[in-house]
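Engineer: Here is a sequence with its predicted model. Questions after.
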Amino acid sequence: MRRRLIAAAAVVVAIVVVIAVIAITQPKEQEPITNDERLMSIPSSSTKMTAALDAFRPVVLSDKWQQPVPMPGPVNTAGGEDSAFITPDGNWFFFFFTPDVSVPAELQILDGVTGIWWMQRNGTSWTSPEKVILHDDLSLDGAQFVLGNTMWFASVREGNYGEIDIYTAEYVDGEWTEVKNSGEQLNVEYDIGEFHITSDGQTMYFHGGVSDTADDLNIWVCHRTDDGWSVPTIVPNVSADGLEGWPFVTSDGGELWFTSFSSVEGYQGPSIYRSVKQDDGTWGDPDEIIANFAGEPTLDDAGNIYFTHHYFTDNSEMIEADIYVAFAR
């Protein structure tokens, strides 16, 4: 999802101009945006991909998980579903959606449906997805992470310190509200990319930042202090000479998951890796777990791996994106 926000940030000046011109015509209070509206926003010409049509089906390289399948339920469409996050108890599920992946990010901001969506578990099924409304003017929101009743997310909007800022929102009385910028330290001094905070709220892992480039991402770690966060350091043994990012830490703190390019011959694009915490507190050598255009992992406490899978043609043209799951054995 960060890729789409980066695309938006590249034209942030144009977005601000659009906001200035158009926002005055937008209502200050938005009605809930339903799943029916999401489905209606998808162009009729869009192709809904299936595993049978997929030239690069994701593959599990470990016997601890079943082979991946599209996530059951009302998430996947012929549009783009991306950047999944599931709470440890498996009861809240969030994802980014845009109806047409071919539309530039600076235009997605205008369609009314692109952004963060969520649903809740209802017994053995899921509620109908709804859009999370986080701004009463134009914004492009995504890269969400939830800890307790607090959602952290990235946004392109007016009033940012930089091109993309991290914000927080609170779940109060059934609504996401109290939206606040997370501050200058994270958004300017550290300029964090996609991130994960451990379940105790004390440690943050992230990629990007002022010391990284698009061609050389590393995973950094910092710790909560009395006045913010400590100076970040690169995570040893995880960040190597590749492109490591999109970190996720299991709720017990024992596993660090991330995305990098495949190291196994015959597989294409990004893969999902796992590093296990050692007795001395360091992270062990990463293992490649899911290959073939698999990225941005998120796990529940049952060990099920939810991730983004992008469908590509043989000539490297992206068709759409879905959320997949590899169920724990």
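Structural biologist: Structure's in. What do you need?

Engineer: Show the low-confidence segments of this protein, by residue range.
Structural biologist: 1-30, 213-215, 241-242 (pLDDT under 70).

Engineer: So for it, the centremost residue is which one?
Structural biologist: Nearest residue to the geometric centre of the chain (C-alpha atoms, centre = their mean): Ser83, 2.8 Å.

Engineer: Reduced to three states, what does that one come out as?
Structural biologist: Recorded secondary structure, Ser83: strand (DSSP: H, G, I helix; E, B strand; the rest coil).

Engineer: correct me, but it touches Phe96?
Structural biologist: Yes: in this structure, Ser83 is within contact of Phe96 by C-beta atoms under 8 Å, at 4.1 Å. Yep, even glycine has a C-beta here, placed from its N, CA and C like the rest.

Engineer: if we can go back for a sec, look up how far Gly266 lies from the residue nearest to the centre of the chain.
Structural biologist: In this view, Ser83 and Gly266 are 27 Å apart by C-beta to C-beta, to the nearest Å.

Engineer: next one: Ile234
Structural biologist: Separation of Ile234 from Gly266 (C-beta to C-beta): 30 Å.

Engineer: In terms of neighbours, single out the busier of the two.
Structural biologist: Using other C-beta atoms under 10 Å, the more surrounded residue of Ile234 and Gly266 is Ile234, with 14 against 8.

Engineer: Excluding residues flanking it in the chain, which one is nearest that one?
Structural biologist: Residue nearest to Ile234 in three dimensions, not counting chain neighbours: Asn218, with 5.0 Å by C-beta to C-beta, 6 or more residues apart in numbering.

Engineer: dump the residue contacts of the one you found.
Structural biologist: By C-beta atoms under 8 Å, 6 or more residues apart in numbering, the residues touching Asn218 are 207, 211-212, 234-235, 239, 244-245.

Engineer: Go again with 10 Å.
Structural biologist: By C-beta atoms under 10 Å, 6 or more residues apart in numbering, the residues touching Asn218 are 206-209, 211-212, 232-235, 238-240, 242-245.

Engineer: Arg224 too?
Structural biologist: 197-198, 200-204, 230.

Engineer: Most neighbours out of those residues, which is it?
Structural biologist: Met204 (24 neighbours).

Engineer: Just list whatever residues bridge to that residue.
Structural biologist: Beta-bridge pairing for Met204 (DSSP bridges): Ile197, Cys222.

Engineer: Around the residue lying closest to Phe293 once chain neighbours are set aside, how many other residues sit close by?
Structural biologist: Computed as C-beta to C-beta, 6+ apart, the closest residue to Phe293 that is not its neighbour in sequence is Gly269, at 4.0 Å. When neighbours are defined as other C-beta under 10 Å, Gly269 has 18 of them.

Engineer: got the phi/psi numbers for Gly269?
Structural biologist: When read as degrees, to the nearest 10, the backbone of Gly269 gives phi 70, psi -160.

Engineer: wait, isn't it in contact with Ile290?
Structural biologist: No: using C-beta atoms under 10 Å, Gly269 is not in contact with Ile290; the gap is 11.2 Å.

Engineer: Tell me where this protein has helices.
Structural biologist: For the chain, applying DSSP state H gives helices covering 2-9, 12-22, 35-40, 105-108, 184.

Engineer: State the distance from Val101 to Ala51.
Structural biologist: 19 Å.

Engineer: Oops, could you answer that again for Ile219 instead?
Structural biologist: From Ile219 to Ala51 the distance is 31 Å (C-beta to C-beta).

Engineer: Could you check which of those two is surrounded by more residues?
Structural biologist: Each of Ile219 and Ala51 has its neighbours counted (other C-beta under 10 Å); Ile219 has more, 27 against 15.
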